[in-house]
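Undergrad: Structure for the following, please:
(chains A, B, C and D)
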Amino acid sequence: MKKNGIIQNSNLLMKVSIIIITIMVFGVIFAPRICNFDPYTVDLTKRLLPPGTDGHIFGTDGFGRDLFARIIYGGRVSIGLSVCVVMVNAVLGLIIGSFAAYTGGVIDEIVMRIVDVLMSFPSIILTLFIIGVLGPSISNLFFALIVLGWIGYARMARSLVLSLKEQSFITAARGIGCNDARIIFLHVIPNVMPMIITFAALHIGSTILVISSLSFLGLGVQPPTAEWGATLSEAKQYLSLYPHMIIFPGIAIALSMFSFNMLGDGLRDFADPHLKKTIKT
Amino acid sequence: MEKMIFRRLFLGIFIMIIASLLSFVLLYLAPGNPAENILRQRTGEDPSYEEIELFLQQKDLDVPLLTQTSEWLYMALRFDFGESINTSEPVMDEFITRFKATLQLTLITLAFSIPLAFFIGVRSAANNGGTFDHVSRFFTLLAMSIPEFWLGLMLMIVFSKTLNWLPSFGYGSYLNLIMPVATLVVGYTATLSRVIRSSMLENLSQDFITTAKGNGLSQHVILIKYALRNSLGPIVTAIGSQFGHLLAGVVVVETVFSWPGIGKFLIDAVYLRDFPVIQGFVLLIAMMFVVINLITDILYTYIDPRIRYERR
Amino acid sequence: MRLIESHDLKVHFDSPAGLVKAVDGVNFHIDEGEKLVFIGETGSGKTVLGMTIMKLLPTNVFYSGQLMYKDKELINATEKEMQEIRGKNIAIIMQNPLSSLNPCLSIKEHLVQVIVKHEHLNKKEAQAEAERILIRTGIPENLLNYYTHQLSGGLRQRAMIALGIACDSEILIADEPTKGLDVTVQMQIVNLIKQITDETRKAMLIITHDLGVAAALGDRIAIMYCGRILEIGTVEEIFGSPEHPYTIGLINAHPSRGLHPIKGFGASLIDIPEGCVFSPRCQHANELCKKAEPPDMVLSETHKVRCYYASSK
Amino acid sequence: MKKYTMNKRILALAMVLVLVMATLSGCGLSGKNSNESVASASSQKILRIAAAFDFKSAMEGKTLVYENLVKSDMAGNFSGWLAEKYDVSDDGLTYTFHLKKGVKFHDGSEFNAETAKISLEYAQNNDANLKKSVNSIEVIDESTLKVVLGTYLASFLNTLSSTSAPMICAADLEPAGDPKGKLSGYIGTGAFYFDEATYEKGVKAELTRFDDYWGGASKLDGVEWLYVADPTAMVVALESDEVDMIGIAEHHSSIPYVQIAELKSKGYTVETDETGRYQVIEYNCSKAPFDDVNVRMALNLAVDRELMVKTLFEDMTKASKVITAPWFVLGPDKVDENYYKFDQNRAKKMLDDAGWIDSDGDGIRDKNGEKLELKLVVPQGEANADTVSVYLQSELQKIGAKIDVLTLESSAASDMKKAGDYNMYIHHSGNMPSIPGGIGIGDKYYSTNKDWAYSFHSAELDGMIDAAFTEPNTDSRNNKIDTLWTYLHAQAPCMPLYSVLKLVACNPRVTGYKVGSNMFDMSNVRLLDMDMSK
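TA: Residues are numbered from 1 along each chain as shown, chains lettered A, B, ... in the order given. Next comes the predicted model:
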């Protein structure tokens, strides 16, 4: 018997990615319990140890800090910050987009023009610009990633809500006297959520990459903060002599992005009605 | 059609005004001044109060920023963006020189990425759930997960340092292009092929595909004339928006491979607070975006008869 | 000559909710020039049956039983073989022409694709042929290069019919050809199909829920319910002496008979009722009906009913 | 039907266009192949230099083209250059320059007193100090120039030897001959001339040997200035033989210290020059805790600079023991080298004595309810500052001080510095050509300085500075400066860290590398030779 390829395999992809993400999230939360070393303790006598020496699983960096601990703690910043950025963006975009679509008229027009303008603006340039101007710090990074980040969600929420709005259950809800806020929160948002969540999962992956690229350009977090991009950037000078320093943070970035992308991909197959082969009778 | 173009152009002017205002506001809020940063870069020392005063005077920067900006706007209307404070060259000249380099990198990347992405995207959609699809999905996801700067450095170590096949920096020959283009092609092809795949899949599940199959058309015709033809709209939009972002997003690659493009130069200008360069570049980049979006929209209307006839 | 013949044909789907038994043991045949109508409610498996003959079902499907086209077994036919049969030997008119036509191709271009594929004409000849067929289906000459979204529902359906007859197939499957059309247009379409198929003496398999269409187009009628044929017979037999309670119900539900609805809802294709599938809705059902599924009762050479109490009510 | 095919064509056309454009843009710029320069380099001696800045925006580039009236050596001793010799009046206000004869500019014109006058006027317009002090510039004869100062300017010769006072010719200015104009032509008297046609913005510049050079033509046929943005790429470029020399074109070396050992082991020549530029941490002495000299002193004792240099900087540079290089003419050569010797126990005791005790046992000292938490401001781009701040943070933790590192865009950092919103500020001290160490009139440790208003100042120190720098007599000036240094070190106004190196690595076929007179100076490039057989 031939099994249904899509559903089976996207489940597998999702399972794998959920497992990886769960492991990472646990690692990040219980970092102090997992790591034998503090990521900020400098020990100049133990500099640049290769992986596996003296209990340093991934070796040590140029300051003799444990690389494993720095990567685990780095996840707190890289993943934590990305998740926060994406969550704020999603909520912001969801509220703005569904509000605009739901109320319609002038408000919708104004919001969509703003979105149009921001959409056609080079987001990477703006992000670099904001951080370059305000200086590198986590809060500025956060701000820069929010300025343009909500737009995608707002557009998506708007178009979803517009199509939902015409559907009978919303009319019915209005018919039984629900007020607008109640309709938005009880009926509209729950129906929009699956697509937003899918988009958000993919967005987390790309945000991790953006943050690490900014760190590489010297526009990310400040030392000695452990962050994957920053760790990678610090390791750059040791590239040829101590490759372990650049390999492990590189893998951490790639793996987390990979699993978030995989999750997003799986969720999309799951949420997208087009890809579910519906059976017509 | 004309209406759409006018609407778009109007929006474009609006975007450019917003872009200028935005860069002005940010610069106004920003701490620091160009004199201090440029002098520090030149001498490697903290410039003294007197040196800064003199520099500001020489570059006519001792007037309030608001006056500077209104003058700048007046000049910008005539496409004169003033001179770079750092290099004393007209901003327009700087932009054209650098833009040529960035555009070259971008276009060549696209020239490789687009056919490759179409090949991967279409094949994996046709092979939905099969081996090719799984393998290509895995590798496109992987390719998207590799930071560009990491890949660039790795390529440099392997092909310049170890094998000594390719130049690690420079600009002007085909050899110089290989590594920057390769770095960009990896991520870009992956992103684009995924857009193509999902757009293809969406269309492949439509009723008209069943009709086409019911008519006994071959797999090839169905894929190309039916699914791909209908997917082209969103794909062109994706290429358009990605093209814009590619133009702006080559900063990392430009930094790693010392490519004399707009991205790296703009970042340096931001560091130095080279106001005319920042404002001019932001405006010109925004203009590029407007033009690209316009071209995308026009193309879209040609591709999709539904929009074409509605707008007529 | 026998064109299509099926023996105990079963078409099941694997779905997250369970096994969907869309077609569950169907026997029928279509002879040359014969028009067989499948009637049933939504969800009775009739469209699946049509698609099964074309082998157009999604990949999560399992077939069993026998389905013959002439002496070719279709169930095990490869995709390549099917591509040759589809359009050329068996053609289909899909339901919902708006979504079933490619929005990026003009209606003429649709036909050209099919003709080029099956008739081995060059592009120019194919275009002339396409124009001829489209005009024959009553589409004004100046609209031939229009796109689907520019046409009215009736014209779209005509375009679909043109696509169905483009290669002069032996069998034409029409899946709800009048669905979603105005009543006046419905009649035009039915007449058009009738006129064209009568001219070419084409065999047809018509899928509909409209008794009027069935009476107008069909030679024989099969009543489908829950993936099964509950009653099959000639138009006269079905309308003149319906035997199955479901058939009677259907006929009585027709507006001309005073709109007497059948109580209850169509059964789910996943949890098929035990015994006679219609028993939960049948006013005559007794213990026997609920225990074992009745066999086909042969009433005449053409008339079969799957009911214990045929001819006895 | 027609419509459709037309659209298809447009689409196809667009696709083809993209490809053609891409190919064309590739072709159009591929005229000069990088292999070509490799080929020409083998027949000609072209020195390829990797530079982190574009030729026109780097000071070092200018030292290849322009020369000055006088030059200083690394320690701050002055000698004539384009001026054969110079005389200074006893009051230090009148300078008479006797110019070299037979010096030619790259455009063939003669260098004489008239051009020197234009050059100095140009410098005066562009340098705050000269503008303030120079009263008159007179042409005495063809080869004699007299400059009269209004007030004594200790750094006058420093300025003349720096890139702010290059010797230029009238044609070099835009408009020609106007000292208030813009310097545009790169027409100097140096050993190499710059050809505008070879210059590619942000890519490279080619300099060719000037055969009429007064000091005899260079051994090299030319110099190629190649822009390489990334330090890692620079090292790769050297190792893959795309450039001959790295590090020379920047004033602060961008080559990572850790890669030096590898370069050396592979046979590359690595030259490190101490330029007397020290990286130091400046204390904000206007507020607690650094208004107390004991705290400042304690911190100076608490950091093991020797270990830092040995490990973090791969032993490439030297730990600094005094505020500025003692071998400068005006340097602190009488101060005890072990004045700030690493001794954490002494540091702890000094903090205890100053009243900073860890009363709540959290590992951070406190006094009157205030914790010993110090804000270290790091201007972005300050070389090695990240490394130093991480190290400092961990070292000072051991004596109970907590450091909060704040990296800021450099002018933002500078604004904080000017507003006094810092405890510690990392920067590097000046070097030649200027008065190193911040002890000149109006410099860092002088109370009227607006840039360092919160550094250590005292009326006593101001008096000592005034006395020393208004003293035209060299010997008595040096004596006064020695006392000044002794006083200043006792006050511990800053924490000297290490000597900022100029680090140059080159391919072994480049021979005869000589240290320049200061960290911008590339004029010695003309002395280099290359063995093309290797």
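Undergrad: OK, contacts around residue 233?
TA: Since you didn't name a chain, this refers to chain A. Residues near residue A:233 by C-beta atoms under 8 Å, 6 or more residues apart in numbering or on different chains: A:215, A:216, A:218, A:220. All C-beta spots, glycine's among them, are computed from the backbone N, C-alpha and C.
Undergrad: you looked at the wrong chain, it should be chain D
TA: Going by C-beta under 8 Å, 6+ apart, residue D:233 touches B:156, B:168, B:169, B:256, B:257, B:258.
Undergrad: What's the separation between the fifth one and chain A?
TA: Distance from residue B:257 to chain A, counting by C-beta to the nearest C-beta, to the nearest Å: 14 Å.
Undergrad: Of the contacts of residue D:233, which belong to helices?
TA: Secondary structure from DSSP state H places residue B:256 of the contacts of residue D:233 in helices.
Undergrad: Buried members of the contacts of residue D:233 into PyMOL, please.
TA: A single PyMOL command is used to select the members of those judged buried by 16 or more other C-beta atoms under 10 Å in any protein chain shown:
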select buried, chain B and resi 156+168+169+256+257+258
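Undergrad: Chain C: which of the contacts of residue D:233 is nearest?
TA: Closest to chain C out of those is residue B:257 (41.0 Å), distances taken as C-beta to the nearest C-beta.
Undergrad: Residue B:166 is in contact with that closest one, correct?
TA: No. Residue B:257 is beyond contact range of residue B:166, at 10.0 Å (criterion: C-beta atoms under 8 Å).
Undergrad: and of the contacts of residue A:233, the nearest to residue B:38?
TA: Using C-beta to C-beta, residue A:218 comes nearest to residue B:38 of the contacts of residue A:233, at 18.0 Å.
Undergrad: Spell out the secondary structure type for the closest one.
TA: Applying DSSP: H, G, I helix; E, B strand; the rest coil to residue A:218 yields a three-state assignment of coil.
Undergrad: which residues does the residue of the stretch 151-300 of chain B found nearest chain D contact?
TA: Here the residue of the stretch 151-300 of chain B nearest chain D is residue B:260; by C-beta to the nearest C-beta that distance is 3.2 Å. Residues near residue B:260 by C-beta under 8 Å, 6+ apart: B:97, B:98, B:101, B:171, B:254, D:200, D:201, D:202, D:203, D:227.
Undergrad: Distance to chain D for the contacts of residue D:233 - can I get that in TSV?
TA: Below are the contacts of residue D:233 laid out as TSV (distance: C-beta to the nearest C-beta, whole Å):
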residue	distance to chain D
B:156	6
B:168	4
B:169	5
B:256	6
B:257	7
B:258	4
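Undergrad: export the contacts of residue D:233 to TSV and tack on distance to residue B:129?
TA: Putting those into TSV (distance: C-beta to C-beta, whole Å) gives the following:
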residue	distance to residue B:129
B:156	38
B:168	43
B:169	45
B:256	38
B:257	39
B:258	45
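Undergrad: and the contacts of residue D:233, which two are the farthest apart?
TA: The most widely separated members of these are B:156 and B:258, with 10.7 Å between them, by C-beta to C-beta.
Undergrad: how many other residues sit next to residue D:182?
TA: Using other C-beta atoms under 10 Å in any protein chain shown, residue D:182 has 14 neighbouring residues.
Undergrad: Show me the contact partners of the longest helix seen in chain C.
TA: When chain C is parsed with DSSP H, its longest helix is helix C:183-200. With C-beta under 8 Å, 6+ apart as the test, helix C:183-200 has contacts from C:35, C:136-138, C:153-154, C:157-158, C:161, C:165, C:168, C:172, C:174, C:177-178, C:181, C:202, C:204, C:210, C:212-213, C:216-217.
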